[in-house]
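Visitor: compute the structure for the input listed below.
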Amino acid sequence: MTDRLHTAHTYALPPARLREIRALLQQAFDGDFTEKDWEHGLGGVHAYVEDDGGRVVAHGSVVMRRVVHAGRAHRVGYVEAVGVRADRRRQGLGARVMAALEEVIDGAYDFGALSASAEGAPLYRSRGWQLWNGVIETYGPDGRRRLPGEEDTTYLRPAGGRPLPVAEAGALLFDWRDGDVL
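Guide: Residues are numbered from 1 along each chain as shown. Take a look at the predicted model:
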């Protein structure tokens, strides 16, 4: 089997390919992938793997988010919409997708961030992502709001071998967006 890894910005992906990626994610998340989840994965760089028949079997994207910590705004590469077709799991495809996304993070952002499911967390930890042990907040329409449910699922990754530019003392304040903030 000859799987091929591709990267492309959302604007460069034809509508048919985007529909195929969305269908893959819907299947990978057992139907629990909302319109807002899809929207959160758009507008950045997609990494996806095609099988030898040209079908997408794995996907992830990285989009820019603003995160404020200790009075400084950071450009963060936020990983979204990572999924692998059920029959292709445990074959290293998720790791290939993450390697491509981490390359983008290393070249373009202060650090990487993501919110991991219990199933996805081992992959991210194995790749050097670190669980954030501090407070998670957002700037919402009603002001600053704590997100305690995200505090044990948020992982960070230093970019380009540099140390993380944030310390666990103090909150990470993520920009607001509709749907799940993280």
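
Visitor: how about the strands in the chain?
Guide: 4-9, 45-50, 56-69, 72-84, 111-115, 130-131, 136-140, 143-146, 154-158, 172-174 (DSSP state E).

Visitor: quick one: which of those is nearest Q26?
Guide: Distance to Q26, taken as C-beta to C-beta, is lowest for strand 72-84 among the strands of the chain, at 8.9 Å. C-beta: built from backbone N, CA, C; applies to glycine.

Visitor: possible to save the strands of the chain as a markdown table with distance to D30 and mean neighbour count?
Guide: Formatted as a markdown table, those follow (distance: least, C-beta to C-beta, whole Å; neighbours: other C-beta atoms under 10 Å):
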| stretch | distance to D30 | mean neighbour count |
| --- | --- | --- |
| strand 4-9 | 25 | 14 |
| strand 45-50 | 20 | 23 |
| strand 56-69 | 16 | 22 |
| strand 72-84 | 10 | 22 |
| strand 111-115 | 18 | 24 |
| strand 130-131 | 25 | 14 |
| strand 136-140 | 26 | 19 |
| strand 143-146 | 29 | 11 |
| strand 154-158 | 22 | 21 |
| strand 172-174 | 26 | 23 |
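
Visitor: do you know which of those lies nearest F29?
Guide: strand 72-84 (6.3 Å).

Visitor: partners of the most centrally placed residue in the chain in the sheet?
Guide: Nearest to the mean C-alpha position of the chain, by C-alpha atoms, centre = their mean, lies V79 at 1.3 Å. Here V79 sits in beta bridges with V62, going by DSSP bridges.

Visitor: residues contacting it?
Guide: G60, S61, V62, M98, L101, I105, G112, A113, L114 (C-beta atoms under 8 Å, 6 or more residues apart in numbering).

Visitor: turn those into CSV, columns for pLDDT.
Guide: What follows is these, written out as CSV (pLDDT from 0 to 100):
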residue, pLDDT
G60, 98
S61, 98
V62, 98
M98, 98
L101, 98
I105, 98
G112, 98
A113, 97
L114, 97
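
Visitor: now, which of those residues sits nearest R17?
Guide: S61 (12.7 Å).

Visitor: quick one: terminal-to-terminal distance for stretch 151-169?
Guide: 13 Å (C-alpha to C-alpha, to the nearest Å).

Visitor: related to what we said a few turns ago, and the contacts of V79 as CSV, adding distance to D180?
Guide: Formatted as CSV, those follow (distance: C-beta to C-beta, whole Å):
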residue, distance to D180
G60, 17
S61, 15
V62, 17
M98, 20
L101, 19
I105, 20
G112, 18
A113, 14
L114, 12
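
Visitor: for G134, state which of these is nearest.
Guide: Out of the contacts of V79, the member with the shortest distance to G134 (by C-beta to C-beta) is A113, at 12.3 Å.

Visitor: show me the longest helix that occurs in the protein.
Guide: helix 93-108 (DSSP state H).
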